[in-house]
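Student: What follows is a predicted structure for the sequence shown.
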Amino acid sequence: MPIDLPFIWAGIIAFAVLAYVILDGFDLGVGILFPLFPEKHDRDQMMNSVAPVWDGNETWLVLGGGGLLAVFPLAYATILPALYAPLILMLLGLIFRGVAFEYRWRTKRAEYLWNWAFAGGSTLAALCQGIALGALVQGIPVADRAYSGGWWDWLTPFSLATGVALVIGYALLGATWLVMKTTGHLAARARHFAFFLAFATVGAMGIFSLWTPWLKPLYLERWFGYPTMIFSVIVPLLVLACLYLIVTGLKRGHDARPFLAALGLFVLGYAGIGISFYPYIVPTSLTIWQAAAPDDSLAFLLVGAVILVPMILGYTAYAYWVFRGKINPEEGYH
Amino acid sequence: MFENFDAEILARIQFAFTVSFHIIFPAFSIGLASYLAVLEGLYIWKKDKIYLELFDFWKIIFAVAFGMGVVSGIVMSYQFGTNWSVFSDKAGPVIGPLMGYEVLTAFFLEAGFLGVMLFGRSRVGLGLHFFATLMVAFGTLISATWILSVNSWMQTPAGFAMNDVGQFVPVDWWAIVFNPSFPYRLTHMVIAAYLTTAFVVGAVGAWHLIKGTAPRRAGTMFSMAMWMAAIVAPIQIFVGDMHGLNTLEHQPTKIMAMEGHFDSHPEGAPLILFGIPNETEKRVDYAIEIPKLSSLILKHDLNAPLDGLDAVPDALEPPVTIVFWSFRVMVALGFAMLGVGLFSLWCRWRGTLYENQGLHRMAVVMGPSGFVAVLAGWITTEVGRQPYTVYGHLMTADSLSPIAAPAVAASLISFIIVYFVVFGAGTFYILRLMGRLPRDPLEPLDEGPIRTSGITPASQPGHGGKHAH
């Protein structure tokens, strides 16, 4: 049996997108929480906690997009026009928050503006990513190798709900990240918010899970048919286990556990979505095999990915290791 | 005029606008990253603190410029899909893996070590920190390599076949990556990035030499920049000429447009120095020409025949006026750079490099010249590729997404507003940072900190490089 290159690549792209969601998720979350921390001193620390790593986190988004172009060009060419407006808005949001990391320190007079750029840009980017996810899940029509829907198709109650849900979820990642990385009243406040955000996130996941199966017959069959139903029984239990770990972790003053459990929630939610529409990459129009580039393209890039992705994970882990531990508020800056 | 603003022209304007903004930042950060590596290397070698002070000064400017490059680059990576989805579908199997390699080999490397380079010196020690700086510099060069491979392939496609759904499919990856124009284009661009940075660094050094503050630091950067200009500007002119010959071989219509040759010249073509291309009448008005010189430059023979645009159908002509002018701007700036470089050599020989105010003023004026030249060069090569996206194989008109003009117009307007606000502010901050070189390292800061990770204090000039704990 020949190696199923599209299948392998679907796994790698899925991994890249998941890596993006959980990594940039927490630093977008820190931006989303910015308005809830009015003190300058707190905000400086929040920003500093993600400053050395945010750029690497966002690179996974480029790999997700660039990888899609490389190995599933038809998916790239149909999904992006379908999600035109939310993606453009996401990019604009990412521009504002990305430059805020530098600009905020370069001015006193306009600092408040870049605070807004950071908070607003992060929230907008998160909201648009959620909307894009919702729009993808509800399906993208394709005809003759091109997107065949209208331009407002992405805008539905469902996609708006997923947009809000992702903002809440990222805020949870951000809050638990701050619990892990900061001290004093900042950490205490983050702990307080994380508690509520954990319940809100799980609630949103519940609504999403009850809503999704009714969007497409495929999803209904996946969620309530055997054998995939096994997952739809196990995943909710694991979600509740993560919630329990977050809540007890927060109550007992653990530093890392709430963050790791929150990551767990995201992994589970992500797996649930994947189970819903695999093997489609553009639900329910194109499967991974229909959208895949020729094997020559897949093989050429796979050689590099097999060698380079572990190296990337290695030095990314190193970069996190260099900046490990809680940030010291006294040494933050002078 | 405006009734012609359909989705295609709007998408083209949007691409031209966003890519023109974007190219500014890589052009600067490729050169600056290497300059930072050189400065830190010199510090390790010579143990002279001045190099570390310069490193810390340029590091912050690099961080701001790099941030702008990242965010404008993310826009580029998604624009292929939003506005040019048919191109993405068709060319994706060939250019997609190259861009994938750019992400895997360059972007992650830069991003991963950038944090360490910017904030980690007291956490990892000087040796590892230097390694991080080298990796950032190396990453910018690898990135340039892949993206120029992609661009060159679009200009001089090779190593592919077409499949039954109209996609370009790879046949020979070696031929794709090392396509005919790639070596020239890569060399030309990397040197352009180095020259761009040299003139920025030189202008900042000259500015502070004129002001008379911090003469040693200003003098060191000025001297380094002028060495770069003197050595590299002539190389660039030579490489540019070779690139031109390569373009003549593979994209003759682009050269015709650059030279303004509407008519064929069977007995030796003149070089049109200046003139006003008249595209409706198909001639260059008020042309100032040097007989036979174009044939001499392009064919190394005074009487060599040269085809003009009359040899191709009108529909395959690139927009002549734009290419004609952008090419002249680029070449003129190249020679101006050469002039500054040679003048600096003369002053150096006379021992007046740090005193000659004429040279310093000239260097300040020439500060932005690299950016203008880079933009003009890209306009020449990209507009000259029209009406194709993949030269000779895929028309621009056939590359567009199935989107409506109002959507493209709305996103174009948003990008214009946001870019001017965001990158305008960034340019302002960079210029302000550049103007503050003479600050005494022991003097307290009057505003915002040198950004730190919050874990360790920023290394201040004067006591960097040592472990803070």
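Tutor: The structure has been received and is ready for your questions.

Student: Now do the strands in the chain.
Tutor: You didn't pick a chain, so chain A it is. Using DSSP state E, the strands found in chain A span residues A:142-143, A:146-147, A:280-282, A:286-287.

Student: nope, chain B
Tutor: B:160-162, B:168-170, B:271-278, B:283-290, B:388-390, B:394-395.

Student: so where's chain A uncertain?
Tutor: Low-confidence segments of chain A (pLDDT under 70): A:1-2, A:330-334.

Student: can you check chain B too?
Tutor: Those would be B:1-4, B:437-469, if you go by pLDDT under 70 across chain B.

Student: biggest helix in it, by residue count?
Tutor: Counting residues, the longest helix in chain B under DSSP state H turns out to be helix B:7-46.

Student: on contacts alone, who are the packing partners of that one?
Tutor: helix B:49-83, helix B:121-155, helix B:182-211, helix B:369-383, helix B:405-435 (3 or more Cβ pairs under 8 Å, 6 or more residues apart in numbering or on different chains; DSSP states H and E). Using the backbone N, CA and C atoms, a C-beta is placed for each residue, glycine as well.

Student: As a markdown table, those helices with distance to chain A and mean neighbour count would be great.
Tutor: Listed next are the helices and strands packed on helix B:7-46 as a markdown table, based on distance: least, Cβ to the nearest Cβ, whole Å; neighbours: other Cβ atoms under 10 Å in any protein chain shown:
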| stretch | distance to chain A | mean neighbour count |
| --- | --- | --- |
| helix B:49-83 | 3 | 23 |
| helix B:121-155 | 5 | 21 |
| helix B:182-211 | 17 | 23 |
| helix B:369-383 | 19 | 22 |
| helix B:405-435 | 4 | 17 |
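
Student: For A:Leu260, which of those is the nearest?
Tutor: Nearest of the helices and strands packed on helix B:7-46 to A:Leu260, taken as Cβ to Cβ: helix B:121-155 at 23.6 Å.

Student: need the contact list for residue 24.
Tutor: In the absence of a named chain, chain A is used. By Cβ atoms under 8 Å, 6 or more residues apart in numbering or on different chains, A:Asp24 lies in contact with A:Trp54, A:Asn57, A:Glu58, A:Trp60, A:Leu61.

Student: The intended chain is chain B.
Tutor: B:Phe371, B:Val374, B:Leu375.

Student: which one is B:Thr389 nearest to, not counting chain neighbours?
Tutor: B:Ser399 (4.5 Å; Cβ to Cβ, 6 or more residues apart in numbering or on different chains).

Student: from what I can see the one you found touches B:Val86, true?
Tutor: Yes: counting by Cβ atoms under 8 Å, B:Ser399 touches B:Val86, with 5.3 Å between them.

Student: okay, the two: which has more neighbours?
Tutor: B:Ser399 (23 against 20; other Cβ atoms under 10 Å in any protein chain shown).

Student: can you pull the contacts of that one?
Tutor: Going by Cβ under 8 Å, 6+ apart, B:Ser399 touches B:Trp84, B:Val86, B:Phe87, B:Lys90, B:Thr389.

Student: So how do I select the buried members of these in PyMOL?
Tutor: Here is the PyMOL command that selects the buried residues among those (16 or more other Cβ atoms under 10 Å in any protein chain shown):
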select buried, chain B and resi 84+86+87+90+389
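
Student: residues in contact with residue 76?
Tutor: By default, I'm working from chain A. Here A:Tyr76 is in contact with A:Gly65, A:Leu68, A:Leu69, B:Phe80, B:Gly81, B:Ser85, B:Ser88, B:Asp89, B:Gly92, B:Gly96 (Cβ under 8 Å, 6+ apart).

Student: nope, chain B
Tutor: If you count contacts by Cβ under 8 Å, 6+ apart, then B:Met76 has B:Thr18, B:Val19, B:His22 around it.

Student: so what's B:Ile290 closest to, chain neighbours aside?
Tutor: For B:Ile290, the spatially nearest residue (Cβ to Cβ, 6+ apart) is B:Leu271, at 4.7 Å.

Student: Over to B:Pro402?
Tutor: Closest to B:Pro402 by Cβ to Cβ, 6+ apart is A:Ala146, at 5.0 Å.

Student: Tell me how many other residues crowd the one you found.
Tutor: With other Cβ under 10 Å as criterion, A:Ala146 counts 17.
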